[in-house]
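**Q** generate a structure from the sequence data that follows.
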Amino acid sequence: MSETVTRLDTVKAAIERMTRDFEREPGSVTLIAVSKTMPAEAILPALEAGQRVFGENYVQEAKAKWPALRERFPDAQVHMIGPLQSNKAREAVELFDAIHSLDRESLAKEIAREIAKAGKAPTLYVQVNTGDEPQKGGVSPSEIDAFLETCRVHHGLVIEGLMCIPPADDPPSPHFALLAKIAARHGLSGLSMGMSADYEAAIQLGATHVRVGSAIFGARG
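**A** Model (predicted):
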């Protein structure tokens, strides 16, 4: 388990170095340690080492792990970074501190309804499908302006920022640059972009949150 802590320290040091190198403000990049598929005992070393922001892909998996972990570490944050079904909106609003994958009006409607019921609101990021990939979730760049207006005006949602996952075969930087341009146009401060293989490029182009899993927890089976 000490290998996890060693890798975590390496990633944190790299983020600090890149933040300096790219003349970003200290502490302006939040590391989301992607703990999806990892059992609670594999996450514990990172929590004990001081990591407090984690990413999960599935509501049920997070629900099984995090209530007990949060009893021990009440300041831990859990972010939903995977696709979210509309019928899981209630559990997602209850469980997650942030949702990075808001990508359609039906989900926006359900999240708004559950926020009103729960009296608490996770931080919301809209996922943009920067490569217009048919198999991937996210709003097309050509439709993002209208979607953001719908979220804000019709559903009363507060949108913190945008998220993207570039196509696997594309250089990531143009996709990160596009996301940053859209965010700037709409006055959004949050940019959730960059994973284990490309978070340096993401930090250079303004990422506020990088989602790093395998570089911390190792390859998943």
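**Q** relative to Asp145, how far out is Val128?
**A** Distance of Val128 to Asp145, given as C-beta to C-beta, to the nearest Å: 11 Å. Backbone N, C-alpha and C define where each C-beta goes, glycine included.
**Q** those two: who's more crowded?
**A** Neighbour count, other C-beta atoms under 10 Å: between Val128 and Asp145, Val128 has more, with 27 against 13.
**Q** quick one, phi psi at that one?
**A** Dihedral pair for Val128: phi -110, psi 130, per degrees, to the nearest 10.
**Q** contacting residues for it?
**A** For Val128, the contacting residues are 138-141, 144, 162-164, 178-179, 182, by C-beta atoms under 8 Å, 6 or more residues apart in numbering.
**Q** in PyMOL, select just the buried ones from those residues.
**A** Remark: buried members of these, expressed as a PyMOL selection using 16 or more other C-beta atoms under 10 Å:
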select buried, resi 138+139+141+144+162+163+164+178+179+182
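**Q** and the nearest residue to Ala202 once chain neighbours are set aside, how many neighbours?
**A** Using C-beta to C-beta, 6 or more residues apart in numbering and skipping the chain neighbours, the partner closest in space to Ala202 is Gly194 (2.5 Å). Residue neighbour count, defined by other C-beta under 10 Å, stands at 27 for Gly194.
**Q** do you know how far Ile15 is from Pro172?
**A** The gap separating Ile15 from Pro172 is 16 Å, by C-beta to C-beta.
**Q** revised request: answer the last question for Asp198.
**A** From Asp198 across to Pro172, the span is 4 Å (C-beta to C-beta).
**Q** please apply the same query to Ser2.
**A** On the measure of C-beta to C-beta, Ser2 and Pro172 end up 31 Å apart.
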